[in-house]
Structures are given as structure tokens and as C-alpha cells.
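# Just need the structure, nothing else, for what follows:
(one chain, ligands or ions: 2)
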Amino acid sequence: SMQKAAEYNLKMHPMWQGPLAVPGGDRQSPIDIVVRKSVFDSQLKHLIADYDPTTCQQIWNNGYSFLVEYDDTTDKSTLKGGPLQDKFRLCQFHFHWGESNAWGSEHTVDRRLFPAELHLVHWNSDKYSLFEEAVMEDNGLAVIGVFLKVGKRHDGLQKLVDALPAIRHKGSVVEFTKFDAGCLLPNNTEDYWTYHGSLTTPPLTESVTWIVMKQAIEVSHDQLAVFRSLLFTSAEEEVQKSMVNNFRVQQPLRGRTVRSSFS
Ligand SMILES: Clc1ccc(Cc2nnn[n-]2)cc1
Ligand SMILES: [Zn+2]
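Ligands and ions are numbered 1, 2, ... in the order given. Coordinates of the predicted model:
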């Protein structure tokens, strides 16, 4: 499950951005989405995210971000449609954010940075039986990226924000149940960009079909501030480092085409 992959992240130095480019890597993420260079593809379908809140299990600080993990042993929380040919299982979601509202997202749109970005991580359960298998295969994973912008308070996010003080330190885990990840999707899920890329932390594997939503969700300044109260460091470490700027630098497009579901 994602647990093992996230434990792998735990061992990694928090600010580890990984190499700027992976040797031989020509489909790395994140990227800048140049809107006027994206290509409208009328074959792209609606996204069908069907998430069951009862599969939500725990929330924990893995020393890089905080992640909400789902039971991915059955096809209860799935993603289909969009650019995807197969059915994908939700295994976790997490965020990337900055030390200020001026930056924090991994992807950008015409170089515009957002204060944070949500990633909903899914793996191809039609072709594989475990995340660990899928993560090594072309198109084994599908990650939905949703930009966060500062505005009105996001009521669905608040339950998650209220759980963060309990997982301030790297390695802390608390039970977190009955959370509907669907409430974090924007109202408009028709308009997205999609391209083939990679995980943005080691193993940086080029197995991700990225689906980046055009519409951002609004969260309040105070909600974002609580993200920044998390720590990269465990309770034992003398020097505590606040968990901010946990994003990777942008990677070269290397001739890839970014398709849009809208014109
Ligand atoms: Cl918890 C976590 C899991 C994965 C990543 C890296 C990533 N790859 N693609 N999107 N995020 C960062 C934090
Ligand atoms: Zn991510």
C-alpha cells in the first residue's frame, strides 16, 4: 500500500528535492503548464471520482508532507474517465505548500504559483494488485492536482486542519475516518489539463498520468497557516524545522504535449 511508499519517504531528508533531473528522465514532474501551448483533445472524457468516505483510515506526518490514507485493498474509492483507460484506486492524498502565500504549488499555470497544491494519488487496479507494482509501470498511477488559493474558508478542509496539531512531528499518526476526499475537488471537474509525468519525490518514477484541475479551491489564510505549523522533524530532534516549501522545482517539458479537456 502507499504506507510502505510513504515510509520510504520518511527515511528521505525532508527537504530532499531529489536530483534536478533524473538520469535519462524525459517525463519528470512538476512542470509549468503553458496554456496557449496546451492542445484541446475532444476525446478526453468527464472525470468520474467515486470516493467512499468509510475507506478513510488515518492521517500522518511522513516528514515530507501530511497524508490521509485510504484502504486500497478493494475498489471502493475509485477514479475513472478523463484521460484514463482503466479504473484507478485512491490510496492517499497529501499537499505541498510554501512558507508564504506567494508560492507553494508544484505545478504552475503560465508561471502563476499558488500557495498550495493537493495531490490525490491513485493506482491502476485493473492492471496491478498493489501500489508498489503500479508505481514502477508506465501509467500505473494517476494523480489529480488541485490548486489551493486564499479566499473563503473551506468547510470540508476544516476537519483535516483540526487533526494537524496531533501530527505535528514526523512519524506521528492518528486515526482519521469518514472523510470524503471528493469534497476537496473543485465544483468544475470538467476542465483539466493532462500530461504524462512522474512522482515529484524519490523514486521519481515516470509512471504518473497527471490530471491538473483548471479551477482552484478556496481555503482561508488561517487554514493554510495551520499547514505551516507542522514540522519536518521528529519529537526527539533538538532543532525543530517547520514543514514549509515541500515542493519540487519545475522540470523540463522535453517535448511533451499537455492536453486540455476544454477549449
Ligand atoms: Cl506524502 C507524499 C507522497 C508523495 C509525494 C511526492 C509526489 N509525487 N507526486 N505527487 N506528489 C510527496 C508527499
Ligand atoms: Zn504530491
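# Setting aside sequence neighbours, what's the nearest residue to the most centrally placed residue in the chain?
The centre of the chain sits closest to residue 119, judged by Cα atoms, centre = their mean, with a distance of 1.6 Å. The spatial neighbour of residue 119 that comes closest, neighbours along the chain excluded (Cβ to Cβ, 6 or more residues apart in numbering), is residue 143 at 5.2 Å. Placement of C-beta: from N, CA and C, glycine included.
# can you list the residues of the stretch 101-250 of the chain near ligand 1?
Within the stretch 101-250 of the chain, the positions lying close to ligand 1 (Cβ under 6 Å from any ligand atom) are 119, 143, 199-201.
# re the thing from before, work out for me the element the residue nearest to the centre of the chain sits within.
In this structure, residue 119 sits in strand 116-124 according to DSSP states H and E.
# How far off centre is that strand?
The offset between the C-alpha centroid of strand 116-124 and the centroid of the whole chain comes to 3 Å, using Cα atoms, centre = their mean, to the nearest Å.
# That strand pairs with which strands, parallel or anti?
Paired with strand 116-124 in the same sheet, following DSSP bridges, are strand 88-97 (antiparallel), strand 141-150 (antiparallel).
# Take those and write them to a markdown table, including mean pLDDT.
As requested, these are exported to a markdown table (pLDDT from 0 to 100):
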| stretch | mean pLDDT |
| --- | --- |
| strand 88-97 | 98 |
| strand 141-150 | 98 |
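# What are the phi and psi values at residue 49?
phi -100, psi 120 (degrees, to the nearest 10).
# Could you give the number of residues near it?
Applying the criterion other Cβ atoms under 10 Å, we find 21 residues in the vicinity of residue 49.
# just residue 83 next, same as before
Residues lying near residue 83 (other Cβ under 10 Å) number 21.
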